[in-house]
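**Q** Sequence and predicted structure, then a few things I'm wondering about:
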Amino acid sequence: MNTQLQGTALKDAKVAFTGQPVVQATIKHNFHHYIGWLALLVAGVLFIVLAA
């Protein structure tokens with residue numbers, strides 16, 4: 001696996017990876033992807049409730 005440590009004094013260091021940054025990035029991407037649809041859904045429900 002290539003890391004940004006290649007070519008540095010730490011090139012042979014052991015690197016540990018956790019899944020948390022990947023999970024956060026996925027949630028953030030999904031939130032940004034669906035925020036428009038979510039806002040439209042909330043506006044539509046609000047319109048129906050106020051129109052009734």
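**A** Cool, got the structure.

**Q** List the buried residues for the strand or helix carrying A43?
**A** Secondary structure assignment for A43, by DSSP states H and E: helix 20-51. Within helix 20-51, no residue qualifies as buried by neighbour count (16 or more other C-beta atoms under 10 Å). Where C-beta positions appear, they are placed from N, C-alpha and C, glycine not excepted.

**Q** Going by contacts, tell me the helices and strands next to it.
**A** If contacts are counted by 3 or more C-beta pairs under 8 Å, 6 or more residues apart in numbering; DSSP states H and E, helix 20-51 sits against no helix or strand.

**Q** Specify which residues of this structure, grouped into ranges, have pLDDT under the cut-off.
**A** 1-7, 10-11, 15-21 (pLDDT under 70).

**Q** what helix or strand does T8 sit in?
**A** Under the criterion DSSP H and E, no helix or strand holds T8.

**Q** Number of residues surrounding it?
**A** Neighbours of T8 under the rule other C-beta atoms under 10 Å: 10.

**Q** Tell me how far it lies from K14.
**A** Between T8 and K14 the computed distance is 14 Å (C-beta to C-beta, to the nearest Å).

**Q** now A43
**A** From A43 over to K14 the distance is 51 Å, taken as C-beta to C-beta.

**Q** now swap in K28 and tell me
**A** Applying C-beta to C-beta, the value for K28 to K14 is 28 Å.

**Q** try N30
**A** Applying C-beta to C-beta, the value for N30 to K14 is 32 Å.

**Q** do H29 as well
**A** Going from H29 to K14 by C-beta to C-beta gives 29 Å.

**Q** Repeat that for Y34.
**A** Counting by C-beta to C-beta, the gap from Y34 to K14 is 38 Å.

**Q** now do H32
**A** Distance, H32 to K14, by C-beta to C-beta: 34 Å.

**Q** repeat for G44
**A** Computed as C-beta to C-beta, the G44 to K14 distance reads 52 Å.

**Q** swap in W37?
**A** The value you get for W37 to K14, if C-beta to C-beta is used, is 43 Å.

**Q** what do you get for L46?
**A** L46 sits 54 Å away from K14, going by C-beta to C-beta.

**Q** what's the answer for V22, then?
**A** The value you get for V22 to K14, if C-beta to C-beta is used, is 19 Å.
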